[in-house]
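Novice: Structure here, sequence nowhere to be found:
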């Protein structure tokens, strides 16, 4: 009995010590909303323990047709909070009011790839109005390319750093190859149909029963189809990075099946303001311990300051 009491006292003492040493807990994520071009947008704001927005924030954007609560976004928010970093994980609208969760494929697609840049800019304005400190813009997968294009343009001075996680790469033949690999169909006839409709002033015309991105047999406007599948050199992130002057952390997964060429392309384009980190054996979503490696790299990059 005496031994049991001794063990209980020791455990209690350890718990008290841990509570004293443990940093403040992050505040529960809070959903915030803004209006952009008549569309309600939403995001999750999570403050690290003992931090305020004035300490800075990582503005996080998700991949194609995904959402702020997808696995990699949720994991990163928690891991970055452990490093004392605030996060604002946004939902790109994809031209839908107050969108949550994965895109509902049967819903007609009317969005454009470049819409994301305008929404990123709107959230940066919101952060400025809330008195936020330095903003680190982070994009994963397709959003990595969109974040890079935002930064290569005329980014708000509040954006001090850029983190690109497994961002998209492209070349002139990639859309057609990807379309055939996924749907076993030639892209050219559908792309011609979309472009012909646009030339006739019917870009908003709906093409029905069409395979589009990750959505089979869906409905999409001609302009949207042409926008996503037309050859666009801006969709190749390494090419876009050449025009960026902000400090950039580029992270590649060593076993990424989605964007497998990003790391190799970046090694051929050395740039003083760009740090390339290749996480060996990591896939596209940096699951499990690879997520910790990713968060560590991001936190260390931010800690070095604007000159990193």
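Specialist: Yes, it's here. The shown structure was predicted, so the numbers you read here are calculated from the model rather than taken from an experiment. Numbers count the residues shown, from 1 in each chain.
Novice: can you map out the helices along this protein?
Specialist: 2-21, 71-82, 115-129, 142-152, 174-183, 188-199, 222-229, 237-241, 262-267, 289-303 (DSSP state H).
Novice: low-confidence ranges in the chain?
Specialist: Scanning the chain for pLDDT under 70 picks out 1-25, 305-308.
Novice: what residues go with each domain of it?
Specialist: Per automatic domain parsing, the structural domains of the chain span 30-170+232-303, 174-229.
Novice: Mind putting these into JSON lines with mean neighbour count?
Specialist: To be clear about C-beta, it is placed using only N, CA and C from the backbone, and glycine gets the same treatment. As requested, these are arranged in JSON lines below (neighbours: other Cβ atoms under 10 Å):
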{"stretch": "domain 30-170+232-303", "mean neighbour count": "19"}
{"stretch": "domain 174-229", "mean neighbour count": "16"}
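Novice: and the nearest residue to residue 226 once chain neighbours are set aside, what does it touch?
Specialist: Among residues not flanking residue 226 along the chain, residue 194 sits closest, at 4.2 Å (Cβ to Cβ, 6 or more residues apart in numbering). Contacts of residue 194 were listed using Cβ atoms under 8 Å, 6 or more residues apart in numbering, and they are 207, 222-223, 225-226, 229.
Novice: one more time with 10 Å
Specialist: 202-203, 205, 207, 210, 220-230 (Cβ atoms under 10 Å, 6 or more residues apart in numbering).
Novice: Mind picking the one among these that's closest to residue 72?
Specialist: Ranked by distance to residue 72 (Cβ to Cβ), those are led by residue 228 at 21.8 Å.
Novice: thinking the closest one is in contact with residue 115, fair?
Specialist: No - contact criterion Cβ atoms under 10 Å: residue 228 and residue 115 do not qualify, at 11.4 Å.
Novice: can I get the helices of the chain in CSV with distance to residue 160?
Specialist: Shown next, in CSV, are the helices of the chain (distance: least, Cβ to Cβ, whole Å):
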stretch, distance to residue 160
helix 2-21, 31
helix 71-82, 16
helix 115-129, 11
helix 142-152, 11
helix 174-183, 32
helix 188-199, 39
helix 222-229, 30
helix 237-241, 16
helix 262-267, 21
helix 289-303, 9
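Novice: between those helices, which gets nearest to residue 92?
Specialist: It's helix 115-129; of the helices of the chain, that one is closest to residue 92 (Cβ to Cβ) at 5.2 Å.
Novice: Name the nearest residue to residue 153, sequence neighbours excluded.
Specialist: residue 117 is the one closest to residue 153 (Cβ to Cβ, 6+ apart), at 7.2 Å.
Novice: next one: residue 217
Specialist: residue 209 (5.3 Å).
Novice: show me what contacts residue 34?
Specialist: 40-43, 90, 119, 122-123, 125-126, 129.
Novice: swap that for residue 142, please
Specialist: Here residue 142 is in contact with 61-66, 92, 113, 116, 166-168, 213, 228, 235, 237, 258-259 (criterion: Cβ under 10 Å, 6+ apart).
Novice: Return the member of the contacts of residue 194 nearest to residue 290.
Specialist: residue 228 (28.6 Å).
Novice: how near is the closest one to residue 184?
Specialist: 19 Å (Cβ to Cβ, to the nearest Å).
Novice: now do residue 254
Specialist: Residue 254 is 30 Å from residue 184, by Cβ to Cβ.
Novice: How about residue 48?
Specialist: Counting by Cβ to Cβ - residue 48 and residue 184 are separated by 47 Å.
Novice: Let me know the distance separating the residue nearest to residue 291 when sequence neighbours are not counted from residue 28.
Specialist: Once flanking residues are discounted, residue 291 sits nearest to residue 75: 4.6 Å by Cβ to Cβ, 6+ apart. Remark: distance between residue 75 and residue 28 (Cβ to Cβ) = 17 Å.
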